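A.B. asks: Quick one: sequence plus predicted model below, questions after.
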Amino acid sequence: MRKTLTAAIVAASLLTLAACGNEDGSDSAAGQNDADVAFAQQMIPHHQQAVEMAQLAETRAESPEVKDLAADIEAAQDPEIETMTGWLDSWGARRWRTRRTRHVVG
């Protein structure tokens with residue numbers, strides 16, 4: 001069960017990081033549209049929630065592997081949040097209003 005959970009967390013983290021990547025590494029604001037703005041506005045709280053969940057592992061997880069993975073997730077999410085916040089600022093767009101999000105899984 002723990003191996004399955006760890007594998008699922010790793011897979012979700014990799015997909016999240018891949019979705020935030022930029023093929024050419026540029027931070028250019030040229031060519032952004034409403035979908036780009038909405039993506040960044042919605043992904044910031046999503047990444048913040050990942051940080052919050054990773055921080056829970058410090059006191060709740062027993063497995064050293066899960067704790068290490070949580071630390072890696074937290075370290076990866078903060079730069080992504082900064083990047084997307086920078087995009088919104090450079091585009092003159094509003095930042096997301098709240099840090100709390102609700103994800104419905106079903």
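C.D. replies: Received the coordinates, thanks. Keep in mind that what you see is a predicted model, and the values were worked out from it rather than measured.
A.B. asks: make it CA atoms for all contacts and neighbour counts henceforth
C.D. replies: Will do.
A.B. asks: can you pull the buried residues of whichever strand or helix holds Q49?
C.D. replies: Assessed by DSSP states H and E, Q49 sits inside helix 34-60. Buried residues in helix 34-60, counted by 16 or more other Cα atoms under 10 Å: 37, 40-41, 43-51, 54-55, 57.
A.B. asks: tell me the contacts of the closest residue to D89 other than its chain neighbours?
C.D. replies: Spatially, and ignoring its direct neighbours in sequence, D89 is nearest to R95 (7.8 Å; Cα to Cα, 6 or more residues apart in numbering). Going by Cα atoms under 8 Å, 6 or more residues apart in numbering, R95 touches Q41, T85, L88, D89.
A.B. asks: One more: V37?
C.D. replies: Counting by Cα under 8 Å, 6+ apart, V37 touches L88, A93.
A.B. asks: cool, and E58?
C.D. replies: Taking Cα under 8 Å, 6+ apart as the test, what E58 contacts is K67, A70.
A.B. asks: Could you measure from it over to K67?
C.D. replies: As judged by Cα to Cα, to the nearest Å, E58 and K67 stand 6 Å apart.
A.B. asks: give me the low-pLDDT residue ranges for the protein?
C.D. replies: 1-30, 96-106 (pLDDT under 70).
A.B. asks: Helices along that one, start to end?
C.D. replies: Assigned by DSSP state H, the helices in the chain fall at 2-19, 34-60, 64-91.
A.B. asks: in the longest one, what's buried?
C.D. replies: Within helix 64-91, the residues scored as buried using 16+ other Cα under 10 Å are 66-67, 69-71, 73-74, 76-77, 80-81, 83-88, 91.
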